[in-house]
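1. coordinates only, sequence not included:
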Ligand SMILES: O=C(O)c1ccccc1NCC(=O)[C@H](O)[C@H](O)COP(=O)(O)O
């Protein structure tokens, strides 16, 4: 299975193009006003058209209400919703029924105890994204460029596809995949100059490193 590469937090036509040209499988757009990567619905419409048919479009929200999600769907036309808040399994069921889109639930990880909710989510989510647990005083629950201890996932036996994220970059992505055996990798801070400002060369380098990882794994 090819390793899925997701570049998250894209907010300009130029950097989206770099990710698409570089061969990203998934491109993520953040809808969370406190984030430096938050995009307006107007920008979502524009970037959504640009990415259409070229990569899987992921809409990232944090405990968003139905009206917000409806507006995002109408403008971005995402292929999948990434739920990065405290959404419960009941909320996931509700979202599935209302919007009919595949769901990727982000699970914050610090210790093995954080994997306890997995069986519940496995019944309703289409994919799990393991991300580093944000500090209590953080202004956002992800996109902080901090890794978690990947060994927590070492013996994971999950039927659902999963991705790993949190502090990945071109230098550590191979080790993250080796330890976690994740089917996909997701990056935001590791391809930025400063929070919210993507760097074309870092995007290209990350995608190259992830592809090289994939080749190492199949040997
Ligand atoms: O990126 C944000 O600002 C953000 C805000 C609120 C929730 C999640 C957010 N980002 C998550 C991601 O971009 C990725 O899914 C992943 O966590 C990678 O983050 P990073 O550690 O910055 O590479």
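-> Arrived safely. Nothing here was measured: the structure is a model prediction, and the numbers come from that model. Numbers count the residues shown, from 1 in each chain.

2. So residue 38 is in contact with residue 44, correct?
-> No - the criterion here is CB atoms under 8 Å, and residue 38 misses it with residue 44 at 10.3 Å. Where you see a C-beta, it was placed from the backbone N, CA and C, and this is true even at glycine.

3. Out of the two, name the residue with the larger neighbour count.
-> Set residue 38 next to residue 44 and count neighbours by other CB atoms under 10 Å: residue 44 wins out with 23 against 17.

4. what residues are up against that one?
-> Counting by CB atoms under 8 Å, 6 or more residues apart in numbering, residue 44 makes contact with 29, 31, 59, 72, 75-76.

5. list the buried ones in stretch 58-67?
-> 58-62, 64 (16 or more other CB atoms under 10 Å).

6. Keep only those that also lie close to the ligand.
-> Counting by CB under 6 Å from any ligand atom, 60, 62 from these sit close to the ligand.

7. I'd like the buried residues of stretch 58-67 written out as TSV, with pLDDT added.
-> Below are the buried residues of stretch 58-67 laid out as TSV (pLDDT from 0 to 100):
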residue	pLDDT
58	98
59	98
60	98
61	98
62	98
64	98
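
8. circling back: out of the contacts of residue 44, which are inside strands?
-> Secondary structure from DSSP state E places 29, 31, 59 of the contacts of residue 44 in strands.

9. right, and the first one touches residue 60 too?
-> What it means is residue 29. Yes - under the criterion of CB under 8 Å, residue 29 makes contact with residue 60 at 6.5 Å.

10. Between these two, which contacts overlap?
-> With contacts taken as CB under 8 Å, 6+ apart, residue 29 and residue 60 have residue 9 as neighbours in common.

11. Next, the contact list for the residue in the chain positioned nearest to the ligand, please.
-> Using CB to the nearest ligand atom, the single residue of the chain nearest to the ligand is residue 143, 2.2 Å away. By CB under 8 Å, 6+ apart, the residues touching residue 143 are 8-9, 30, 35, 37, 188-189, 195.

12. Would you mind giving the secondary structure of it?
-> Under the three-state scheme (DSSP: H, G, I helix; E, B strand; the rest coil), residue 143 adopts coil.

13. mind checking how far stretch 146-157 is from the chain centre?
-> Distance of stretch 146-157 from the chain centroid (CA atoms, centre = their mean, to the nearest Å) equals 16 Å.

14. nope, stretch 23-38 is what I was after
-> A distance of 8 Å separates the centroid of the chain from that of stretch 23-38, by CA atoms, centre = their mean.

15. Kindly check the end-to-end length of it for me.
-> By CA to CA, to the nearest Å, the extent of stretch 23-38 from end to end equals 23 Å.
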